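Colleague: here are the coordinates; sequence isn't available:
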């Protein structure tokens, strides 16, 4: 018996209809009847929006959260150690600056006043 190309590529009508049904299901996004549970999870994952589209739902509202914490900190209910340290550092820095300039400004003003008096004489 000789096999020709026609008999080699022959597909039964049943197989042909099965292939066409699967192809139309893939084109029109219809689930296949014989899918396993893992494939159903994958198809569900691909049917949902990707992460960049869900970003507003994924991340917390940081602006509102930080504003709320600042209000609680101003009321004295919440303590942020980093901000407390920064405030204390700025206070000490300003205090030391005032101490340094207090003595220097009085000395400078006296020297400027004495130099202007010398020039006028």
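Modeller: Sure thing, it's come through. For clarity, every value in this text was computed on a predicted model and none was experimentally measured. Numbering: from 1, shown residues only.
Colleague: How is this structure divided into domains?
Modeller: Domain ranges of the chain: 13-55, 62-96, per the TED database.
Colleague: Which of these comes out lowest on mean pLDDT?
Modeller: Mean pLDDT is lowest for domain 13-55 out of the domains of the chain, coming in at a mean of 77.
Colleague: Just put the domains of the chain in JSON lines and tack on mean neighbour count.
Modeller: Placement of C-beta: from N, CA and C, glycine included. As requested, these are exported to JSON lines (neighbours: other C-beta atoms under 10 Å):
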{"stretch": "domain 13-55", "mean neighbour count": "10"}
{"stretch": "domain 62-96", "mean neighbour count": "10"}
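Colleague: ranges for the strands of this structure?
Modeller: Taking DSSP state E, the chain contains no strands at all.
Colleague: What ranges does it have for its helices?
Modeller: 5-8, 13-27, 37-47, 55-58, 62-75, 81-120 (DSSP state H).
Colleague: Per-residue pLDDT of residue 108, please?
Modeller: Note for residue 108: predicted pLDDT of 58.
Colleague: no, scratch that, I was asking about residue 3
Modeller: 50.
Colleague: Please apply the same query to residue 112.
Modeller: 54.
Colleague: and if you look at residue 10?
Modeller: On the pLDDT scale, residue 10 gets 61.
Colleague: Does residue 72 touch residue 80 like I think?
Modeller: No - if you go by C-beta atoms under 8 Å, residue 72 and residue 80 don't touch, sitting 9.4 Å apart.
Colleague: and residue 69, what does it touch?
Modeller: Contact analysis of residue 69 by C-beta atoms under 8 Å, 6 or more residues apart in numbering lists 78, 80.
Colleague: any idea how far the closest residue to residue 47 other than its chain neighbours is from residue 70?
Modeller: Of all residues not flanking residue 47 in the chain, residue 29 sits nearest, at 7.7 Å (C-beta to C-beta, 6 or more residues apart in numbering). For residue 29, the distance to residue 70 (C-beta to C-beta, to the nearest Å) stands at 48 Å.
Colleague: ditto for residue 88
Modeller: Residue 88 is 17 Å from residue 70, by C-beta to C-beta.
Colleague: likewise residue 19?
Modeller: 64 Å.
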